[in-house]
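Participant: need a 3D model of the sequence below.
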Amino acid sequence: MSAGLSNAPLRIGTRTLSDRPVLEKSMQHSIVRECRIGLRTGIPCCRRIACQRQKTIVSMATPAPSTTPKSRILIVDDEKGICDILQMSLQLAGFECLTAYNGDDAVRILETESLDAVITDIRMPGVDGVELVKIAREKHQVDSIVMTAYMKEYTYERIIENGASDFVFKPITPNELIVRLRRVLRERALLADRNRKNLELHAALYELREAYHDTINRLVLAAEYKDENTGDHVMRIGRISALLAEKSGLSRSQVESIFFAAPMHDVGKIGIPDHILLKPGKLTEDEFAVMQQHTTIGGAILANPKAEILRHAREIALTHHERWDGKGYPHGLAGEAIPIGGRIVKLVDVFDALTSVRPYKDPYPVEVAIELIRKDSGTHFDPKLVELFLGLKDEIAEIKKRTCGKQGAPAEFRLSERDQGGNLADMMKSIAAKATLVDAEKKAAAVPAPPV
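Facilitator: Presented below is the predicted three-dimensional model:
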């Protein structure tokens, strides 16, 4: 029997260990000697062989344990002997190990334990190794090494495509498996470090972006401070302009750019003298000519921009007083030659100016502002934008309600000095007549019908 043992290759389960060229001849001889000792002494030789073999391999190939936390590894194989040998090898190499003898138990362990990697066989009762790899990767973000003895049935490409980090054929020496495991864990650590640094970078960029936008807002408020005591106007311009831009079908980046750029439309007013900017009465022709310069002053302030938002802001500052019919200023652009941002902000700015307190007027009722905008569709404003705007009345009213406090039209509304006379006054009489008619119809509808 001793001679038979010395000539036969050593097997664990059904796998041959001595057919791997990695083992040295001297190690094989020492294993055979252990078998013979076991036979003479009656001590089970399998455990002695396993312990001697693992200690020899680990002492030859494993560096001294580090002080870093141990990686936690789950070993899954339906052959208990293989699980035990791998667990012993990995523990001696400095890993913390858990074992499972089927895929179902492995899934339960994944759900309750924090793991760094799974080493799994493929053919097992219940959940097989391929499915286990998918579960570990997709649900728990755990890397896997797959082992199999069925070389013809499974390919490296198929296993890796299913989410495994590595794939090895049995028999494999514990030393080789440890080397592969350390590579997988090193790649996992590098990926985690990259993701952490990406998160830090995104956080820093977000903070920088917020600081950039905050600086813009404060500069806009400084420019608006003389003309308006709060920043509500510029806030509304940004929000309503972004809403209209979104409904116009612009891209998300364009909508965001308009949201931040639109409040800078009147930044050029910082260069307009106070006696003109804050004049309560109607402007003279010379004063109006000076007021018109705020568009080009704004363009000069925002000239040579390096940021996309500032480029849009300059475009809006220069074009938000152009008219659809080409009779606006400063360049007399017409139709779609006016950039979309300028067309949007012109419409929103007029509406908000009409319905807000200005140095020369009380706020107009929303109904009046809507009629004025409808009347000027196709002359002052892009008709398609006017149509969209009128369809968003409720959403726009909600934005205005949230940002203008208690401000509203006075009970006895009157046109400002700048708006009195001409067609506008006639239009106001028409609006008032319509409003009276509507009120009368509402009162009539509220009166109960006489009994029959």
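Participant: run a quick neighbour tally on the nearest residue to Val127 once chain neighbours are set aside.
Facilitator: With CB to CB, 6 or more residues apart in numbering as the criterion, Val127 has its nearest non-adjacent residue at 2.9 Å, and that residue is Gly103. In this view, the C-beta of every residue, glycine as well, is placed from N, C-alpha and C. Neighbours of Gly103 under the rule other CB atoms under 10 Å: 24.
Participant: got it, and Asp382?
Facilitator: 23.
Participant: same check, this time on Lys393
Facilitator: Lys393 has 12 nearby residues by other CB under 10 Å.
Participant: next one: the one 5 residues further on
Facilitator: Close neighbours of Glu398, defined as other CB under 10 Å, add up to 11.
Participant: and the residue nearest to Val127, how far from Arg182?
Facilitator: 25 Å (CB to CB, to the nearest Å).
Participant: and if you look at Leu191?
Facilitator: Using CB to CB, Leu191 is found at 15 Å from Arg182.
Participant: who's more crowded, these two?
Facilitator: A direct count of neighbours by other CB under 10 Å for Leu191 and Arg182 places Arg182 higher, at 16 against 12.
Participant: SS state for that one?
Facilitator: Following DSSP: H, G, I helix; E, B strand; the rest coil, the label given to Arg182 is helix.
Participant: so, low pLDDT: which residues of the stretch 251-400 of the chain?
Facilitator: The stretch 251-400 of the chain contains residues with pLDDT under 70 at 359-360.
Participant: what about the helices in it?
Facilitator: With DSSP state H, counting those that start in this stretch as the definition, the stretch 251-400 of the chain shows helices at residue ranges 252-261, 274-277, 285-292, 294-301, 308-319, 340-354, 366-375, 383-391, 393-403.
Participant: pull out the buried residues from stretch 128-140.
Facilitator: Neighbour-count burial for stretch 128-140 flags 129-130, 132-133, 135-137 (criterion: 16 or more other CB atoms under 10 Å).
Participant: TSV for those, including pLDDT?
Facilitator: TSV is the format used below for these (pLDDT from 0 to 100):
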residue	pLDDT
Gly129	86
Val130	86
Leu132	91
Val133	89
Ile135	91
Ala136	90
Arg137	87
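Participant: those residues in helices, which ones?
Facilitator: In helices, judged by DSSP state H, the following of the buried residues of stretch 128-140 are found: 129-130, 132-133, 135-137.
Participant: okay, these in JSON lines with distance to Met147 next?
Facilitator: JSON lines is the format used below for these (distance: CB to CB, whole Å):
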{"residue": "Gly129", "distance to Met147": "8"}
{"residue": "Val130", "distance to Met147": "12"}
{"residue": "Leu132", "distance to Met147": "12"}
{"residue": "Val133", "distance to Met147": "11"}
{"residue": "Ile135", "distance to Met147": "17"}
{"residue": "Ala136", "distance to Met147": "14"}
{"residue": "Arg137", "distance to Met147": "17"}
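Participant: please identify which two of the residues you listed are farthest apart in space.
Facilitator: Farthest-apart pair in those is Gly129 and Arg137; separation 12.5 Å (CB to CB).
Participant: could you say which helix or strand holds the closest residue to Asp352 other than its chain neighbours?
Facilitator: In this structure, Asp352 finds its nearest non-sequential neighbour in Arg236, 5.3 Å apart by CB to CB, 6+ apart. Take DSSP states H and E as the rule and Arg236 turns out to sit in helix 232-247.
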